[in-house]
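Asker: Curious how this folds, go ahead:
(one chain, ligands or ions: 1)
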Amino acid sequence: MKIKNSAAIVSGGASGMGFATARLLSRAGAKVAVLDLDQNRLEKVANEINGMAIVCDVTDANAVEEAVLHAEKAHGVARICVNCAGIAQSRRMLEKKGPLPSDAFLKVIQINLIGTFHLMQRAAAAMLSAEPVGPSGERGIIINTASVAAFEGQIGQIAYSASKGGVVAMTLPAAREMAQFGIRVMAIAPGLVDTPMFDTLPPEAREALAMSVPFPKRLADPDEYARLVLHIVRNQMLNGEVIRLDGALRMQAK
Ligand code: NAD
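Answerer: Have a look, this model is predicted:
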């Protein structure tokens, strides 16, 4: 899919990998709409990338549908959709004070998995009305964000791993279902990326995490994620697959 002049939607676009992706897509000539929760952060980002800010909670299917339509009115059908909205959670199934409450588990599933599903589904529905382009008849591309925790979840990642495992598992059936329409579905499973998600960690903990990566011994830069997104958008043979972006990291139990 060509990027220049294409419309793109990026959830979680006000921070971290979503922001880096929105910025790089915009630099490559895309018309970008960023979805996130906080109006102020969104507007700053939208100004910086000359894009569109849409406040949207991805757990709300109607809000996601409205956001997709709103972006479409301004930019045309988004042929590129990147799901980056997500939260981390570090809680055990059996905590000292008792079992992890269902609502804490559900919150992570609702944002990371169901929120991803909502935007993937609504963006795909909108793409159906776009003209197929090029000899392969491509209509669009959806890229979701999983995590290496989908494969090697650590102690304390019970809900997070379940949510990201769901994102991984949706990739192939979604790609298969959308193939007849010329829509690709991919996922990226990042390892450790230097985003505000790690802001609460003390420097020693960040350093220890960086040292756990075989090579290169550092956290990934959000731009490295964004560059992979741009490559996936441009490379039509990438479809129905989850790509790890992790420096050969395999997470230990804790
Ligand atoms: P981040 O916290 O910098 O950005 C996530 C954004 O999602 C935030 O701006 C947040 O406001 C937004 N968001 C949260 N809930 C939302 C909701 N209900 N509706 C709309 N927006 C919402 O984090 P990041 O590190 O850039 O993470 C991006 C994605 O990558 C997440 O799905 C995360 O789970 C995943 N991931 C991160 C890492 C890492 O090391 N940082 C590793 C693997 C996977």
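Asker: For the rest of this, base every contact and every neighbour count on C-alpha atoms.
Answerer: Fine.
Asker: what ranges do the strands span in the stretch 151-254 of the chain?
Answerer: With DSSP state E, counting those that start in this stretch as the criterion, the stretch 151-254 of the chain has strands at 183-190, 242-245.
Asker: Looking at those, which is nearest to the ligand?
Answerer: Across those, the ligand has its closest neighbour in strand 183-190 (4.3 Å, Cα to the nearest ligand atom).
Asker: got the residues of the stretch 151-254 of the chain near the ligand?
Answerer: Contact residues (Cα under 6 Å from any ligand atom) of the stretch 151-254 of the chain with the ligand: 190-197.
Asker: redo that, cut-off 5 Å
Answerer: Residues of the stretch 151-254 of the chain lying near the ligand by Cα under 5 Å from any ligand atom: 190-193, 195-197.
Asker: For PyMOL, write the select line for the buried members of those residues.
Answerer: Selecting only the buried entries of those in PyMOL, with 16 or more other Cα atoms under 10 Å as the criterion:
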select buried, resi 190+191+192+193+195
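Asker: any idea which of the residues of the stretch 151-254 of the chain next to the ligand is least confident?
Answerer: Minimum pLDDT for those is recorded at Met197 (86).
Asker: Now do the buried residues in stretch 43-60.
Answerer: Across stretch 43-60, burial judged by 16+ other Cα under 10 Å covers 43, 45-46, 49-59.
Asker: do stretch 194-204 as well
Answerer: 194-195.
Asker: Most tightly packed of the strands of the stretch 151-254 of the chain?
Answerer: Counting by mean count of other Cα atoms under 10 Å, strand 183-190 has the highest mean neighbour count of the strands of the stretch 151-254 of the chain, with a mean of 26.
Asker: Look up how far Lys96 lies from Met17.
Answerer: 33 Å (Cα to Cα, to the nearest Å).
Asker: wait, Cys56
Answerer: 35 Å.
Asker: Determine which residue lies closest to the centroid of this protein.
Answerer: Geometric centre of the chain, nearest residue: Cys84, 2.5 Å, by Cα atoms, centre = their mean.
Asker: List the residues that contact the residue nearest to Gln110 when sequence neighbours are not counted.
Answerer: Using Cα to Cα, 6 or more residues apart in numbering and skipping the chain neighbours, the partner closest in space to Gln110 is Thr59 (5.9 Å). Applying Cα atoms under 8 Å, 6 or more residues apart in numbering to Thr59 gives the contacts 110-111, 114-115, 118.
Asker: hmm, try it at 10 Å
Answerer: Neighbouring residues of Thr59 by Cα atoms under 10 Å, 6 or more residues apart in numbering: 85, 107, 109-119.
Asker: near the ligand, from those residues?
Answerer: Counting by Cα under 5 Å from any ligand atom, Ala85 from the contacts of Thr59 sit close to the ligand.
Asker: Let me have the contacts of Thr59 in a markdown table, extended by distance to Pro203 and neighbour count.
Answerer: Output for the contacts of Thr59, formatted as a markdown table (distance: Cα to Cα, whole Å; neighbours: other Cα atoms under 10 Å):
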| residue | distance to Pro203 | neighbour count |
| --- | --- | --- |
| Ala85 | 25 | 27 |
| Lys107 | 28 | 18 |
| Ile109 | 29 | 23 |
| Gln110 | 31 | 19 |
| Ile111 | 28 | 20 |
| Asn112 | 27 | 30 |
| Leu113 | 30 | 28 |
| Ile114 | 33 | 21 |
| Gly115 | 31 | 24 |
| Thr116 | 31 | 29 |
| Phe117 | 35 | 22 |
| His118 | 36 | 22 |
| Leu119 | 35 | 28 |
